[in-house]
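K.L.:
Let's see this in three dimensions:
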Amino acid sequence: MPQEGFEGTIETPHGPLNLADRTLVMGILNVTPDSFSDGGRFDDTDAAVARAQRMLAEGADILDIGAESTRPGAAEVDPDVQLRRILPVLQRVRAAHPGAILSIDTRSAAVAERTVGAGADIINDVSALRHDAAMVPTVARLGVPVILMHMKGTPATMLQEAEYRDVVKEVIDFFSARAGEVELAGIGRERIIIDPGIGFAKNIFHNLDVLRRIDEFHELGLPLLVGPSRKRFLGHVLGLEQTDDRLYGTLATVAVCARARVQIVRVHDVRPARHVVEVIEAIRHPEQFM
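P.N.:
Okay, here's the model as predicted:
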């Protein structure tokens, strides 16, 4: 049986996230022209808001809004540009859905500051708060939950950084150290979520090994988020070049994560992922149907 990880709730400005009952589904909303899978589809505010509303209707527990692509080779996006992309979407979604849990995918303290002020609940930083020196004190002061992701290098350099003796052990050691560092800086452990960074400075073997051993991350006692959706390693496994063709591969990884009691999965396709999670939970607790 897989290890049992964190079981409890995380408090956010717009309500608690219950991480005890089932794996939660985070819907991805990229308001960018160049993200690897859906860049350019939702960089118009009306299209982005419509997409957000659809994902919430399909059962998204969290929406993750990002305005800076972190695909391999991507360049940094100025915080002012990120804010011009995010704020109109965030404000309209918050007004229409007062109880929604909204996350902002950014490495910028300025973006974190403004978006939390505009109604965001969570900061999701692919650099684990290391890219911008102001991020740790800013998040500590804002008092919101934070997602720390593992990545070596930057999106522009990470493909050259994919070297490990034991990828799972090294990523766990990274989180053990990093969580301690940010906790000492004023970010309570009860606000930390970890993401092993599927596809970030990891080759196909590393990604598959992380998923195969994903329950080992529970030893840290922290909520775990995994984002495998439409990633390149699935294309390699399945021989599929187009990202939209990788739905079934993504759902296989969602099933693995749900079976291993991963607390959150981050996906583009909310309804199918939610169905997978609900069936896994039904198998785990068939007595509810007696």
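K.L.:
alpha carbons only for contacts and neighbour counts from here, please
P.N.:
Fine.
K.L.:
Kindly state the beta-bridge partners for the spatially most central residue of the chain.
P.N.:
For the chain, the residue nearest the mean C-alpha position is residue 266 (4.9 Å; CA atoms, centre = their mean). Beta-bridge pairing for residue 266 (DSSP bridges): residue 26.
K.L.:
quick one, what contacts it?
P.N.:
Residue 266 makes contact with 25, 26, 27, 28, 225, 226, 227, 228, 229 under the criterion CA atoms under 8 Å, 6 or more residues apart in numbering.
K.L.:
The last one contacts residue 272, correct?
P.N.:
No - between residue 229 and residue 272 there is no contact under CA atoms under 8 Å: 11.8 Å.
K.L.:
Pick out whichever of the two has more residues nearby.
P.N.:
For residue 229 versus residue 272, neighbours defined as other CA atoms under 10 Å are more numerous around residue 229 (27 against 18).
K.L.:
May I have the residues that are in contact with that one?
P.N.:
Here residue 229 is in contact with 247, 250, 266, 267, 268 (CA under 8 Å, 6+ apart).
K.L.:
run the last query once more with 10 Å
P.N.:
28, 37, 198-199, 243-244, 246-251, 253-254, 265-269, 273 (CA atoms under 10 Å, 6 or more residues apart in numbering).
K.L.:
Torsion angles phi and psi at it?
P.N.:
Main-chain dihedrals, residue 229, degrees, to the nearest 10: phi -60, psi 120.
K.L.:
for the one 5 residues further on, same thing?
P.N.:
Backbone torsions of residue 234, given as degrees, to the nearest 10, read phi -70, psi -40.
K.L.:
to the chain's geometric centre, what's the distance from stretch 214-223?
P.N.:
Offset of stretch 214-223 from its chain centre (CA atoms, centre = their mean, to the nearest Å): 16 Å.
K.L.:
With stretch 277-287 instead?
P.N.:
Worked out by CA atoms, centre = their mean, stretch 277-287 lies 23 Å from the chain centre.
K.L.:
same check, this time on stretch 233-243
P.N.:
How far stretch 233-243 lies from its chain's middle: 21 Å, per CA atoms, centre = their mean.
K.L.:
How about stretch 142-160?
P.N.:
How far stretch 142-160 lies from its chain's middle: 11 Å, per CA atoms, centre = their mean.
K.L.:
Quick one: low-confidence residue ranges for the chain.
P.N.:
For the chain, the stretches with pLDDT under 70 are 1-4, 34-43.
K.L.:
now the farthest one out in it, which residue is it?
P.N.:
Largest separation from the mean C-alpha position in the chain: residue 290, at 35.2 Å (CA atoms, centre = their mean).
K.L.:
For it, give its distance to residue 273.
P.N.:
Separation of residue 290 from residue 273 (CA to CA, to the nearest Å) stands at 25 Å.
K.L.:
One more: residue 258?
P.N.:
The spacing between residue 258 and residue 273, counted by CA to CA, is 10 Å.
K.L.:
and if you look at residue 236?
P.N.:
As defined by CA to CA, residue 236 lies at a distance of 21 Å from residue 273.
K.L.:
which residues in the stretch 51-200 of the chain form strands?
P.N.:
Taking DSSP state E, counting those that start in this stretch as the criterion, the stretch 51-200 of the chain carries its strands at 62-66, 102-105, 122-125, 146-149, 192-195.
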